[in-house]
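[1] Just the structure for this:
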Amino acid sequence: MRITENNFIAELRRGNEKALEYMAEHYGGLMYAVVRKQLASLPELQQECMNDALLAVWQHTSRYDENRSSFENWLAGICRYKAIDCRRRWLHQIQEAPLESAEHLEDAGSRSVLLEQEIFEETEQMLSCLNEDDRALFRQLFIDGVSAEEAAIQRGISRSNVYNRVSRGRKRIQKQYLAFGKEQKR
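    Below you'll find the predicted structure:
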């Protein structure tokens, strides 16, 4: 079967490797641009991240919903989050590095500080569409790792209220990034 723009998503869902090749050929530039932007300070991780993103697309194509966003936006989101994961893994490896590799620590330490700053700024930008109370809740849950039950107790609200606020916040963030993606295309 010939893979085209009209059928490659359906073929990806069926597990057709030719569709993955088609997608990599036609959307590889978009993928690389997103990964390269996110990992500009870590060029040695870019190829690994591209591979992770391709694997994620291959494994999770069934989750793509054409009614919610374009394939390009969905793909760019996967690449972006895989790049963030790669940065976090790299930071974790640097923090856990054995003392024998002390000669690399100075360079890695300065890169680590830069990456932490980039992640912080990116997170703040992402949360900027939320009010201050919701931003604090998101930080508490997703950065500090506090459970929803603990956050509810600390804030004096019900657990279902926490989940509702997170759900509404995620929708606002998603809406902000979908609008941002449309602006980027222009």
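
[2] Enumerate every residue touching Glu118.
    41, 87 (Cβ atoms under 8 Å, 6 or more residues apart in numbering). (Each C-beta comes from the backbone N, C-alpha and C, glycine too.)

[3] Now the spatially most central residue of the chain: which helix or strand?
    Residue closest to the mean C-alpha point of the chain, counted by Cα atoms, centre = their mean, is Tyr81 at 1.4 Å. Using DSSP states H and E, Tyr81 sits within helix 71-95.

[4] which secondary structure elements does that helix contact?
    With contacts taken as 3 or more Cβ pairs under 8 Å, 6 or more residues apart in numbering; DSSP states H and E, helix 71-95 sits against helix 17-38, helix 46-60, helix 102-127, helix 159-185.

[5] 10 Å instead, please
    In terms of contacts (3 or more Cβ pairs under 10 Å, 6 or more residues apart in numbering; DSSP states H and E), helix 71-95 is packed against helix 8-14, helix 17-38, helix 46-60, helix 102-127, helix 159-185.

[6] and the first one, what's its mean pLDDT?
    When pLDDT is averaged along helix 8-14, the result is 92.

[7] gap between that helix and the chain center?
    On the basis of Cα atoms, centre = their mean, to the nearest Å, helix 8-14 is displaced by 23 Å from the centre of the chain it belongs to.

[8] quick one: least confident helix or strand in this structure?
    Across the helices and strands of the chain, the lowest-confidence element by mean pLDDT, DSSP states H and E is helix 102-127, at a mean of 70.

[9] what's the following helix or strand after that helix?
    Next along the chain after helix 102-127, taking DSSP H and E as the criterion, comes helix 132-138.

[10] Alpha carbons of the helix or strand just after that following helix, in PDB - could you do that?
    Sequence-wise, the next helix or strand downstream of helix 132-138 (DSSP H and E) is helix 148-155. Output in PDB follows, covering the C-alpha atoms of helix 148-155 (Å, rounded to 0.1, in the frame of the first residue of the first chain):
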ATOM      1  CA  ALA A 148      -3.300  15.800  45.900                       C
ATOM      2  CA  GLU A 149      -4.500  14.700  49.400                       C
ATOM      3  CA  GLU A 150      -1.700  16.600  51.100                       C
ATOM      4  CA  ALA A 151      -2.300  19.700  49.000                       C
ATOM      5  CA  ALA A 152      -6.000  19.600  49.800                       C
ATOM      6  CA  ILE A 153      -5.300  19.400  53.500                       C
ATOM      7  CA  GLN A 154      -2.700  22.200  53.400                       C
ATOM      8  CA  ARG A 155      -5.100  24.500  51.500                       C
END
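
[11] Many thanks, we can stop here.
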